[in-house]
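In: Using only what follows, build the 3D model:
(2 chains)
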Amino acid sequence: MFLIFKRLWQVNWAEQWQYRANLLMYLLYWLVSPIIYLAVWTSIATANGDVNGFTANDFVTYYMVLLICDQVTSNIVIHTFGYKIQDGSLSGELIRPIHPMLTNALVNNVAFKILTMIGLTPIWIILFFLFKPDFSSVTLTGILLAIPAMMLAFLIGYFQSAAITALAFWTTRVYSIHEFYFALILLFSGQFVPLPLMPQLIQDIAQYLPFQLLLYYPIQLILGNLSTEQIIHGYMMTGVWLVISWSIFNWVWRKGVKKYSAVGA
Amino acid sequence: MTPTISVQQLSKTYEVPEREGGFGAAVRSFFKRKYKDVKAVQEVNFNIEQGEVVGFLGPNGAGKTTTLKMLSGLLHPTSGNANVLGFTPWELKNDYLRSMTLVMGQRNRLSWDIPAADSFLLNQAIYRIPDDEYKETYKELDELLELEPLMKKPVRNLSLGERMKCEIAVGLLHRPKVLFLDEPTIGLDITGQARIREFLQEYNKRTGATIILTSHYMADVTALCERIIIIHHGQLKYDGGINDLSKKIAPFKLIGVLMENADAHDLSKYGEPVENMEDADKKFIQVKADEVTRITSRLLADLPIRDITIADPPIEDVIEQAFNQ
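Out: Numbering: from 1, shown residues only, chains lettered A, B, ... in the order given. Model (predicted):
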């Protein structure tokens, strides 16, 4: 199994590398909105002194960490897999003795991520010198706690996106469904606004949704803003959502493959 | 001994959405879709023993590929049963997938953007082929197909024939016991076709693998297969030896001539005139194969001929003639 992943990695890395210019464009597009939120919130906080207790430095550190967390926990499976179901090119992968979504597509996403991370590094450094954030609250423990949390959150997001992608077995409108899902992430993950600035009701709802696990939770872990109780709650939510997301994906996928082979692959 | 492949009453009906063109029809179909049942394969039965090379012959849309997809596990049948190597194909068990191969089209197992060598190594891992066995198989395949010069180029830069060779080779790395080949020579020139045929013959001899291939080239199946299965309009029309088939299909050739002032000459005394839409400049007659030489020389002697062609009639016509009377 290790060899399969190693070889999949070599192939996917080489493929992604071929499209590096493309990938850089994608990264820039991806970075526009968080950087705008960063700039807007920082200038508001600077003008007012603070926003509901959030200082300018709070916003800068929050969004600087968000840029990294976003790269780690997001995925592009809808773009790299959806068309295969629609144009039938999935057939070739379906009769290989490995799961297409849990091997090849997964590795493909990771290869993509590592390349965008490399692209992000210089941009992040420039932003660092522009905004001069004070990262004194960041601890090694926080980072070490955040790494597994982010990896598990990536899997949660991946299974959810993969489940939506698998809807392509039934409908050609998966892209708009995924856009809606993406809007939920924007609202409840803490990307648009850090969650504590949201109305209390939304904060209460967000606590039990998976989306805050993608950004808000790991950001706060890294910044050292969580109590032990909150850290445990976060990890428990991660476990629960991982199981739920996996089960949903597995169910949709099985039904989908059956449907695919019923109507003509 | 149980047969390697056994098929009973296998049927596949597609539900195809249909609507007229135009805006009104598009709106109506949004609310109520109409479906038409297309019977792609109807109650087909056959058994294939280990080591046989069987050709599925039939025009486009006859049901060949659908049958192949069911046998490889990509399609669920509407009814009926199939058993290959003791497995029910559409359960897609990994043990089954590791013991068969399906080669379909030019772009299947090879990644487009990277050299074929990388895709080969990936498949070695996927099919869990031990290194020494992999090297040995690769060496054999290289001997037969001359792969080495192609391995380092990105697949997108290979020609159609080169890509087909690589597709077939990569599909055989795990030494499958059963090979399903869908139109393995399509789009290739004559030399390319011949090379693939020779290879398959040799492979079958060396490994004793069971091979089913579809084609709409008569030459493919006559060169390779001792047994032919003809599927037409989804039904099994013929299952037997190639020699018996030639007796059943009257061997005709199509002679096409290009002449000055063509309408002034009557060709019906030489053979049966045939309308040919593709080549409207020429006039065509159908003659018995063993009379081709005699009639051709008469044509050349009698008429002001500028160009002459002799060809096999299209397989569609041959099957139509043989089985639709």
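In: what residues does chain B put near chain A?
Out: Neighbours of chain A within chain B, by Cβ under 8 Å from any Cβ of the partner chain: B:14-15, B:66, B:69, B:72-76, B:90, B:92, B:94-95, B:97-98, B:102, B:104, B:107-109, B:111, B:113-114, B:118-119, B:121-122, B:124-127. C-beta here means a position set from N, CA and C on the backbone, and glycine is covered the same way.
In: among those residues, which ones are buried?
Out: Neighbour counting by 16 or more other Cβ atoms under 10 Å in any protein chain shown classes B:14, B:66, B:69, B:72-76, B:90, B:92, B:97-98, B:102, B:104, B:108-109, B:111, B:113-114, B:118-119, B:121-122, B:124-127 among the residues of chain B next to chain A as buried.
In: returning to what we had before: filter the residues of chain B next to chain A down to the ones in strands?
Out: Per DSSP state E, strands hold the following members of the residues of chain B next to chain A: B:14-15, B:102, B:104.
In: Show only the entries of the residues of chain B next to chain A found in helices.
Out: If you go by DSSP state H, the residues of chain B next to chain A have B:66, B:69, B:72, B:94-95, B:97, B:118-119, B:121-122, B:124-126 in helices.
In: Would you format those as a markdown table with pLDDT included?
Out: Converted to a markdown table, those look like this (pLDDT from 0 to 100):
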| residue | pLDDT |
| --- | --- |
| B:Thr66 | 90 |
| B:Lys69 | 91 |
| B:Ser72 | 92 |
| B:Asn94 | 93 |
| B:Asp95 | 95 |
| B:Leu97 | 95 |
| B:Asp118 | 92 |
| B:Ser119 | 91 |
| B:Leu121 | 93 |
| B:Leu122 | 93 |
| B:Gln124 | 94 |
| B:Ala125 | 94 |
| B:Ile126 | 93 |
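In: Looks to me like B:Pro3 is in a helix.
Out: No: B:Pro3 is assigned coil when assessed by DSSP: H, G, I helix; E, B strand; the rest coil, not a helix.
In: give the contact list for it.
Out: Applying Cβ atoms under 8 Å, 6 or more residues apart in numbering or on different chains, we find B:Pro3 in contact with B:47-50.
In: Write the PyMOL selection for whichever of those residues are buried.
Out: In PyMOL, this line selects whichever of the contacts of B:Pro3 come out buried by 16+ other Cβ under 10 Å:
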select buried, chain B and resi 48
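In: Closest to chain A out of the contacts of B:Pro3?
Out: B:Ile48 (19.1 Å; Cβ to the nearest Cβ).
In: The closest one is in contact with B:Leu213, isn't it?
Out: No: in this structure B:Ile48 lies outside contact range of B:Leu213 using Cβ atoms under 8 Å: 12.0 Å.
In: hey, what's in contact with both of the two?
Out: By Cβ under 8 Å, 6+ apart, the residues touching both B:Ile48 and B:Leu213 are B:Val54.
In: Looking at pLDDT only, which of the ones in strands among the residues of chain B next to chain A scores worst?
Out: Lowest pLDDT among these: B:Glu15, with 80.
In: That residue bridge partners, please.
Out: B:Glu15 has these beta-bridge partners by DSSP bridges: B:Asp37.
In: ok, now B:Ile255?
Out: For B:Ile255, the residues forming beta bridges with it (DSSP bridges) are B:Ile285, B:Ile310.
In: mind listing what it touches?
Out: Counted by Cβ under 8 Å, 6+ apart, B:Ile255 has contacts B:270-271, B:284-287, B:292, B:295-296, B:299, B:308-310.
In: Tell me the one of those residues nearest A:Ile123?
Out: Of all the contacts of B:Ile255, A:Ile123 sits closest to B:Thr309, with 65.6 Å by Cβ to Cβ.
In: Could you report the neighbour count for the closest residue in space to the closest one that isn't next to it in sequence?
Out: Leaving aside its sequence neighbours, B:Thr309 sits nearest to B:Gly256 (Cβ to Cβ, 6 or more residues apart in numbering or on different chains; 4.4 Å). Using other Cβ atoms under 10 Å in any protein chain shown, the number of residues around B:Gly256 comes to 17.
In: How about the contacts made by the residue in the stretch 201-325 of chain B that chain A sits nearest to?
Out: Residue of the stretch 201-325 of chain B nearest chain A, by Cβ to the nearest Cβ: B:Gly234 (13.7 Å). Shown in contact with B:Gly234 (Cβ under 8 Å, 6+ apart): B:39-42, B:44, B:62-63, B:66.
In: thinking again about what came up before, tabulate the contacts of B:Pro3 in a markdown table, adding columns for secondary structure, distance to A:Gly224 and pLDDT.
Out: Putting the contacts of B:Pro3 into a markdown table (DSSP: H, G, I helix; E, B strand; the rest coil; distance: Cβ to Cβ, whole Å; pLDDT from 0 to 100) gives the following:
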| residue | secondary structure | distance to A:Gly224 | pLDDT |
| --- | --- | --- | --- |
| B:Asn47 | strand | 71 | 95 |
| B:Ile48 | strand | 68 | 95 |
| B:Glu49 | coil | 71 | 95 |
| B:Gln50 | coil | 68 | 95 |
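In: neighbouring contacts of the longest helix anywhere in chain B?
Out: As assigned by DSSP H, the longest helix anywhere in chain B is helix B:190-207. Helix B:190-207 is contacted by residues B:51, B:53, B:140, B:144-145, B:161, B:164-165, B:168, B:172, B:175, B:179, B:181, B:184-185, B:188, B:209, B:211, B:213, B:217, B:219-220, B:223-224 when judged by Cβ under 8 Å, 6+ apart.
In: Please repeat the previous calculation with a cut-off of 7 Å.
Out: Helix B:190-207 is contacted from outside by B:53, B:144-145, B:161, B:164, B:168, B:175, B:184-185, B:188, B:209, B:211, B:220, B:223-224, using Cβ atoms under 7 Å, 6 or more residues apart in numbering or on different chains.
In: between those, which is closest to A:Leu3?
Out: Once Cβ to Cβ is applied, the member of the contacts of helix B:190-207 that ends up nearest A:Leu3 is B:Arg175, at 18.2 Å.
In: which residues sit in contact with the closest one?
Out: By Cβ under 7 Å, 6+ apart, the contact set of B:Arg175 is B:137, B:207.
In: Doesn't it lie inside a strand?
Out: No: under three-state DSSP, B:Arg175 sits outside any strand and is assigned coil.
In: and it, what pLDDT?
Out: The predicted local confidence for B:Arg175 is 92.
In: Next: B:Met277.
Out: 60.
In: looking at the sheet around the single nearest residue of the stretch 151-300 of chain B relative to chain A, what are its partners?
Out: Closest to chain A within the stretch 151-300 of chain B is B:Pro154: 8.4 Å, counting by Cβ to the nearest Cβ. Per DSSP bridges, the residues bridged to B:Pro154 are B:Pro115.
In: these two touch, right, it and B:Pro115?
Out: Yes: B:Pro154 is within contact range of B:Pro115, at 5.7 Å (criterion: Cβ atoms under 7 Å).
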